[in-house]
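1. Sequence below, structure please.
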Amino acid sequence: MTTETSDRLDVEEGDERDGFLVIFSRTITYPDGSSRTEEYTHRYDPED
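-> From the prediction side, this is the model:
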């Protein structure tokens, strides 16, 4: 399995911590050589 995480996207400034969006993906390779990629998006809200 391989994984990859994007840089911070759509950054929103916060007083204590900025908010941002990241995209996480993983590719699963099966014993027969076939593979499947899954992609997830997560938003971290800014903190004031």
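2. For H42, which non-adjacent residue is spatially closest?
-> Spatial nearest neighbour of H42, excluding adjacent residues (CB to CB, 6 or more residues apart in numbering): V22 at 5.7 Å. (C-beta placed from N, C-alpha, C; glycine too.)
3. hmm, who's touching whichever strand or helix holds the one you found?
-> Using DSSP states H and E, the element containing V22 is strand 19-29. Strand 19-29 is touched from outside by 1-13, 35-47, with contacts defined as CB atoms under 8 Å, 6 or more residues apart in numbering.
4. In strands, which of these fall?
-> Using DSSP state E, the members of those that fall in strands are 2-5, 9-12, 35-44.
5. Please pick the buried ones from those.
-> Buried by 16 or more other CB atoms under 10 Å: nothing, out of those.
6. SS state for the most far-flung residue of the chain relative to its centre?
-> The centre of the chain is farthest from one residue, D32, which by CA atoms, centre = their mean lies 27.4 Å away. Under the three-state scheme (DSSP: H, G, I helix; E, B strand; the rest coil), D32 adopts coil.
7. how much space is there between it and T2?
-> According to CB to CB, to the nearest Å, D32 stands 17 Å off from T2.
8. Distance from stretch 31-44 to the middle of the chain?
-> When C-alpha coordinates are averaged (CA atoms, centre = their mean, to the nearest Å), stretch 31-44 and its chain have centres 11 Å apart.
9. Now G19: closest residue in space, sequence neighbours ignored.
-> Spatial nearest neighbour of G19, excluding adjacent residues (CB to CB, 6+ apart): P46 at 3.4 Å.
10. Let me know the pLDDT of that neighbour.
-> In the prediction, the pLDDT value recorded for P46 is 96.
11. show me what contacts it?
-> Per CB under 8 Å, 6+ apart, neighbours of P46: E12, E13, G14, D15, R17, D18, G19.
12. where does it fall, phi/psi-wise?
-> With angles defined as degrees, to the nearest 10, P46 sits at phi -70, psi 150.
13. Please apply the same query to S6.
-> phi -70, psi 170.
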